[in-house]
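Asks: All I have is the shape, not the residue letters:
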């Protein structure tokens, strides 16, 4: 581009005073015109439009400032005390979530790791104690004694010996009864009873025969025969009596023997029953002793098991407390598991980024001692979105509505955009006595910087009025004054015009002085004219 300007010192003369830099002439004025080449007009998309009137809603200005999106801020501190041995990031660095920010050498972390290893050792030695108490040998021995006593009781209850004695007694009693009803005596008595009538009859025949013989009515031979039969009968009776006597003597002998046997069997039965009772008492006593042993062994086992479990529980609690301590100090679960396995202390604590963002503050340097009491050592923020905060008096803030369209203007750059209120505080700040409102802006290009001051133009709610306006993009600020660039009659030649304005609204700036309707001005690309006039002015000053 080849700017041309007219008016003031050096116009069309090409002279050079050679006075050097740093002074000028009081009667010299800055350039009044700048001419742009057609190429520059096209390259920078310079657009010219006529000024006209438009109906605008009245607005009022509220101071505003660009701030971090508070929901994206991350204050990074440390959970451990120690000394920074490696600083990985600097202010302005962009990091991803999980990136290491700085490394701390922490004796506190090493002590906590060692406490875990000690607790694990105690837990390891406590576990076998529980198993040993559970398998108490005293309980097993006492239970064996119980089983032995049960066997003795069962044996004592067994009636085999008594039943045998009873059977033998019954047999002896049966034998006694048999002896009391001995058949030999009965037979002998029967034989005697049978022979006595024969003897009597024979005797009567002999007596009768003697009478008949004396009367010579009976032959002697017959009498002798009858006397012989009588003698035989008498002999048979005598034999029967002798046999009966012998049978009775033998029966008496046998009865005494049978009675003696019954008495002996009764004594044997009594002895067996007494022995059984004695064995039962002995077995029951052994059972009582074994039961007491089991009870005592169970009590001892319960006590030992309780103590062993208590020791194990305390050891496990110590392990859990040590693990929790390491977790509180920021050690990851997988790192804790690795420590328990390989038993290698590692007091190096890496502070990582809790989220992606940009480092905007850093209050720690390498070699510096840090502690968990420090509020934050580093601050990160996501700068892809920013907040614009406005504060107005309660009276002014009555017009604030969520979703309301407002204008935001940077007087330094002349940039103005439209935005929507996304938050209006329901309370009044007790210190400033103002109401806070907020706009959230996309800042992927990084053009909005937290800390910048802006002006927000808020509709007043009053009726709209028709007024002369120019686009916001047409207005630039020179030495704090709003200016526009008017097209002159010469081709692509412009002059800078100072205007007076009211609060902008909806992308338009009301003009209250300095322009007339239908005047042609630059409505797009006016920043280039500002730059050219600035260079022309600087060149004019330096030429003197």
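Replies: Good, I have the coordinates. Given the structure is predicted, the values throughout are model-derived calculations rather than measurements.
Asks: so is residue 446 in a helix, a strand, or just coil?
Replies: What DSSP: H, G, I helix; E, B strand; the rest coil gives for residue 446 is coil.
Asks: what does the domain assignment say about this protein?
Replies: Here the domain parsing of the chain from automatic domain parsing is 34-69+395-543, 70-106+347-381, 132-328.
Asks: Need the ones you listed in CSV (columns: mean pLDDT, mean neighbour count and distance to residue 117).
Replies: No exception for glycine: its C-beta is placed from N, CA and C like everyone else's. Compiled in CSV, the domains of the chain are given as follows (pLDDT from 0 to 100; neighbours: other Cβ atoms under 10 Å; distance: least, Cβ to Cβ, whole Å):
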stretch, mean pLDDT, mean neighbour count, distance to residue 117
domain 34-69+395-543, 88, 16, 43
domain 70-106+347-381, 91, 16, 13
domain 132-328, 84, 15, 8
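Asks: Wasn't residue 412 part of a strand?
Replies: No. Checked against three-state DSSP, residue 412 lies outside a strand; its state is coil.
Asks: what sits against it?
Replies: residue 477 (Cβ atoms under 8 Å, 6 or more residues apart in numbering).
Asks: Against residue 525, how distant is it?
Replies: 19 Å (Cβ to Cβ, to the nearest Å).
Asks: Equivalent analysis for residue 482, please.
Replies: Taken as Cβ to Cβ, the span from residue 482 to residue 525 is 17 Å.
Asks: same deal with residue 497?
Replies: In terms of Cβ to Cβ, residue 497 sits 16 Å off from residue 525.
Asks: which non-adjacent residue is nearest residue 296?
Replies: Sequence neighbours aside, residue 142 is the residue nearest to residue 296 in space, at 7.5 Å (criterion: Cβ to Cβ, 6 or more residues apart in numbering).
Asks: Wait, that neighbour touches residue 289, no?
Replies: No. Look at residue 142 against residue 289 with Cβ atoms under 8 Å: they stay out of range, at 9.6 Å.
Asks: shared neighbours, those two?
Replies: With Cβ under 8 Å, 6+ apart, residue 142 and residue 289 have no common neighbours.
Asks: Tell me the buried residues in stretch 332-352?
Replies: Within stretch 332-352, the residues that count as buried by 16 or more other Cβ atoms under 10 Å are 336, 339, 340, 347, 349, 351, 352.
Asks: That one: end-to-end distance?
Replies: 12 Å (Cα to Cα, to the nearest Å).
Asks: which residues are contacting it?
Replies: 76, 78-80, 82, 85, 98-107, 109-110, 113-114, 116-117, 120, 323, 326-327, 329-331, 377.
Asks: try 6 Å this time
Replies: 78, 80, 98, 100-104, 106, 109-110, 113, 117, 120, 323, 326 (Cβ atoms under 6 Å, 6 or more residues apart in numbering).
Asks: Among these, give me the pair with the biggest separation.
Replies: Using Cβ to Cβ, the pair of the contacts of stretch 332-352 lying farthest apart is 101 and 120, separated by 31.1 Å.
Asks: before we move on, what SS does the residue nearest to residue 296 have?
Replies: Quick answer, by three-state DSSP: residue 142 is helix.
Asks: Would you format the domains of the chain as JSON lines with distance to residue 125 included?
Replies: Below are the domains of the chain laid out as JSON lines (distance: least, Cβ to Cβ, whole Å):
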{"stretch": "domain 34-69+395-543", "distance to residue 125": "54"}
{"stretch": "domain 70-106+347-381", "distance to residue 125": "26"}
{"stretch": "domain 132-328", "distance to residue 125": "8"}
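Asks: now, among the buried residues of stretch 332-352, which is nearest to residue 45?
Replies: residue 352 (46.5 Å).
Asks: Phi first, then psi, for that closest one.
Replies: phi -110, psi 160 (degrees, to the nearest 10).
Asks: same thing with the one 5 residues further on?
Replies: Here the main-chain torsion angles of residue 357 (degrees, to the nearest 10) amount to phi 170, psi -170.
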